[in-house]
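> model the structure of this input:
(2 chains)
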Amino acid sequence: EAGVTQFPSHSVIEKGQTVTLRCDPISGHDNLYWYRRVMGKEIKFLLHFVKESKQDESGMPNNRFLAERTGGTYSTLKVQPAELEDSGVYFCASSQDRNTGELFFGEGSRLTVL
Amino acid sequence: RKEVEQDPGPFNVPEGATVAFNCTYSNSASQSFFWYRQDCRKEPKLLMSVYSSGNEDGRFTAQLNRASQYISLLIRDSKLSDSATYLCVVILNTGGFKTIFGAGTRLFVKA
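Next comes the predicted model:
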């Protein structure tokens, strides 16, 4: 069974440009989460989808970030326009049971904004 | 004050040693608790869930104290392969499920 896959694994862009990160969860997992780890800091929650609905997006930093999960399958996280402080590793995770279930993480997308 | 606090370490221990990590959380409404392991430049992976009754998985024992808002992880007979960062993870029910990570405790097990 395929795990959580993320694309791209690494993206280098200039300040002001746009980047779109993609996450394909494990098939059948309704719950999908986005997280971000900035260098030297803890992993921070961004948002939680159940199917195509956003359940909690309290962790989204600002309106330059837009997450979508049309159709309840894969999800995208767009950063527009990117700023230097957006650099970090963006992890996606999925789970079957949001309460007690294990979170399965993708390998992350490393974003570098120059 | 951080929502989930851990001693960052590093803990440097010899093979065979017993080592304990602690974690405290600030929100009494926290619902679920986990220990995750993260190897360098890799994604986090679930090590074990944590229950009030305590739970054990081989060399690993986890304990939750809700009154003190405290979680622990005990590793017995440390192996070189246990070297990693151990993340304390707390889930809040916010309507959705908000996952809060500690910054992690680094463990180095040496021969």
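
> from here on, contacts and neighbour counts on C-alpha atoms
Will do.

> and the residue lying farthest from the centre of chain B, how far is that from A:Lys54?
Relative to the mean C-alpha coordinate of chain B, counting by C-alpha atoms, centre = their mean, the farthest residue is B:Gly95 (24.8 Å). Using C-alpha to C-alpha, to the nearest Å, B:Gly95 is found at 10 Å from A:Lys54.

> kindly report the same for B:Asn93.
Distance of B:Asn93 to A:Lys54, given as C-alpha to C-alpha: 14 Å.

> before we move on, what about B:Val19?
B:Val19 sits 40 Å away from A:Lys54, going by C-alpha to C-alpha.

> how close does the residue positioned nearest the centre of chain A get to B:Leu46?
In chain A, the C-alpha nearest the mean C-alpha coordinate belongs to A:Trp34, at 3.4 Å (C-alpha atoms, centre = their mean). As judged by C-alpha to C-alpha, A:Trp34 and B:Leu46 stand 16 Å apart.

> other SSEs contacting the lowest-mean-pLDDT helix or strand in chain B?
Using mean pLDDT, DSSP states H and E, strand B:97-101 stands out as the lowest-scoring helix or strand of chain B, at a mean of 87. The contact analysis (3 or more C-alpha pairs under 8 Å, 6 or more residues apart in numbering or on different chains; DSSP states H and E) places strand B:97-101 against strand A:43-50, strand A:53-56, strand B:84-93.

> residues from chain A in reach of chain B?
A:41-45, A:47-49, A:54-56, A:91, A:98-100, A:102-108 (C-alpha under 8 Å from any C-alpha of the partner chain).

> if you set the cut-off to 6 Å instead, what comes out?
Chain A has residues A:42-43, A:45, A:55-56, A:107 near chain B, with proximity defined as C-alpha under 6 Å from any C-alpha of the partner chain.

> strands of the chain, start to end?
I went with chain A, as the question did not name one. Secondary structure of chain A (DSSP state E): strands at A:5-7, A:10-13, A:19-24, A:31-37, A:43-50, A:53-56, A:65-68, A:75-79, A:88-95, A:104-105, A:109-113.

> oops, wrong one, chain B.
For chain B, applying DSSP E gives strands covering B:4-6, B:11-14, B:19-25, B:30-38, B:45-49, B:55-57, B:60-65, B:70-75, B:84-93, B:97-101, B:105-110.
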